[in-house]
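Novice: no FASTA, just this:
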């Protein structure tokens, strides 16, 4: 497992293939904001079209799954008037998803029905959980006028792409507060063929923030570092239309343990489409 710690305040350039991206300062809330791993600057922005008739969003989710056992148990409760406690895991509610499709820029993905879109966040599109603001998803892509990607393999291997992401996170989430340090570890990196037949890289990185309890203390032993937060960043990276695209999910580690299946479904739903010129 690769691990890096960064405490400097430089803003390096990130080189992907023959294109150099500078990391912009986006979102004045780095504690919960998201920005692409490769410092993407989106091209022209237009109002995205959403899948479905008349540009409406398409609900692709399902409601509750009730087993036959629970159905008969419920009928028994109605007949007898006894209280019913539902413990079956098969009867738990599943997340409903909507599909977001940007035909102009050539990508689509699913997101939870209850999430809201945040405009003016700096990314091409940004959705977040209205309750847990640290849980969000963004999509970014390289400028079509300055990039000529042919494949995601132009980034190197999945491991090399993960290293690039790790360094970018440490730069992006660098803090100017005294006694604060950020650490990052590569959780996983792999390639896969998506439902659309394209090659994608999936990269996961954990980022932690530590802060000293008494930074002004004279003795080092009095400056105890405590964990402020720990987050997982899941990225799906692909190439189409000579552009490098990235969908990036952010979730606190404690939330990931509860919603990992939903988050991975979102990541794997990311698909690219050829733009008709």
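Specialist: On my side now, so go ahead. Worth saying up front: this structure is predicted, and the values here are computed from it rather than measured.
Novice: The protein: helices as residue ranges?
Specialist: Applying DSSP state H to the chain gives helices spanning 68-80, 158-172, 253-268.
Novice: which one of the ones you listed has the lowest average pLDDT?
Specialist: Mean pLDDT is lowest for helix 68-80 out of the helices of the chain, coming in at a mean of 48.
Novice: circling back: mind checking the helices of the chain for the one nearest to residue 241?
Specialist: Minimum separation from residue 241 across those (CB to CB) falls at helix 158-172, 19.1 Å. All C-beta spots, glycine's among them, are computed from the backbone N, C-alpha and C.
Novice: Give the other helices and strands that the closest one contacts.
Specialist: Applying 3 or more CB pairs under 8 Å, 6 or more residues apart in numbering; DSSP states H and E, we find helix 158-172 packed against strand 3-6, strand 13-16, strand 180-193, strand 199-212, strand 225-240.
Novice: can you do 10 Å?
Specialist: Contact analysis of helix 158-172 by 3 or more CB pairs under 10 Å, 6 or more residues apart in numbering; DSSP states H and E lists strand 3-6, strand 13-16, strand 180-193, strand 199-212, strand 225-240, strand 243-252 as its packing neighbours.
Novice: Quick check, residue 136 in contact with residue 252.
Specialist: No: applying CB atoms under 10 Å, one finds residue 136 not in contact with residue 252, separated by 11.0 Å.
Novice: of these two, who's got more company?
Specialist: Using other CB atoms under 10 Å as the criterion, residue 136 and residue 252 rank with residue 136 on top: 24 against 16.
Novice: Quick check: which of the helices and strands packed on helix 158-172 is buried the most?
Specialist: Counting by mean count of other CB atoms under 10 Å, strand 243-252 has the highest mean neighbour count of the helices and strands packed on helix 158-172, with a mean of 24.
Novice: Tell me the strands beside it, with direction?
Specialist: The pairing partners recorded for strand 243-252 under DSSP bridges are strand 136-141 (antiparallel), strand 225-240 (antiparallel).
Novice: one step back: which of the helices and strands packed on helix 158-172 sits closest to residue 165?
Specialist: Between these, strand 199-212 lies closest to residue 165; by CB to CB that is 5.2 Å.
Novice: Just checking: what are the partner strands of that closest one?
Specialist: strand 180-193 (antiparallel), strand 225-240 (antiparallel).
Novice: That one to helix 158-172, inter-axis angle?
Specialist: On the basis of axes from the mean of the first three to the mean of the last three CA atoms, to 10 degrees, strand 199-212 is oriented at 40 degrees to helix 158-172.
Novice: Looks like residue 222 contacts residue 212 (just checking).
Specialist: Yes: the criterion here is CB under 10 Å, and residue 222 meets it with residue 212 at 9.0 Å.
Novice: how about the helices and strands packed on helix 158-172, which one is nearest residue 167?
Specialist: Evaluated over the helices and strands packed on helix 158-172, closeness to residue 167 peaks at strand 3-6, with 6.7 Å, by CB to CB.
Novice: which stretches of the protein have low pLDDT?
Specialist: Along the chain, the model assigns pLDDT under 70 to residues 1-93.
Novice: show me what contacts the closest residue in space to residue 159 that isn't next to it in sequence?
Specialist: Excluding its sequence neighbours, the residue lying closest to residue 159 (CB to CB, 6 or more residues apart in numbering) is residue 189, at 5.2 Å. Applying CB atoms under 10 Å, 6 or more residues apart in numbering, we find residue 189 in contact with 2, 157-163, 165-166, 201-205, 235.
Novice: May I see the helices and strands packed on helix 158-172 organised as TSV, with distance to residue 129 added?
Specialist: Formatted as TSV, the helices and strands packed on helix 158-172 follow (distance: least, CB to CB, whole Å):
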stretch	distance to residue 129
strand 3-6	28
strand 13-16	28
strand 180-193	21
strand 199-212	18
strand 225-240	13
strand 243-252	9
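Novice: closest to residue 95 out of those?
Specialist: Residue 95 lies closest to strand 243-252 among the helices and strands packed on helix 158-172, at 13.5 Å (CB to CB).
Novice: quick one: residue 149 and residue 199 touch, right?
Specialist: No: between residue 149 and residue 199 there is no contact, the gap being 11.7 Å when judged by CB under 10 Å.
Novice: I appreciate the help and will end here.
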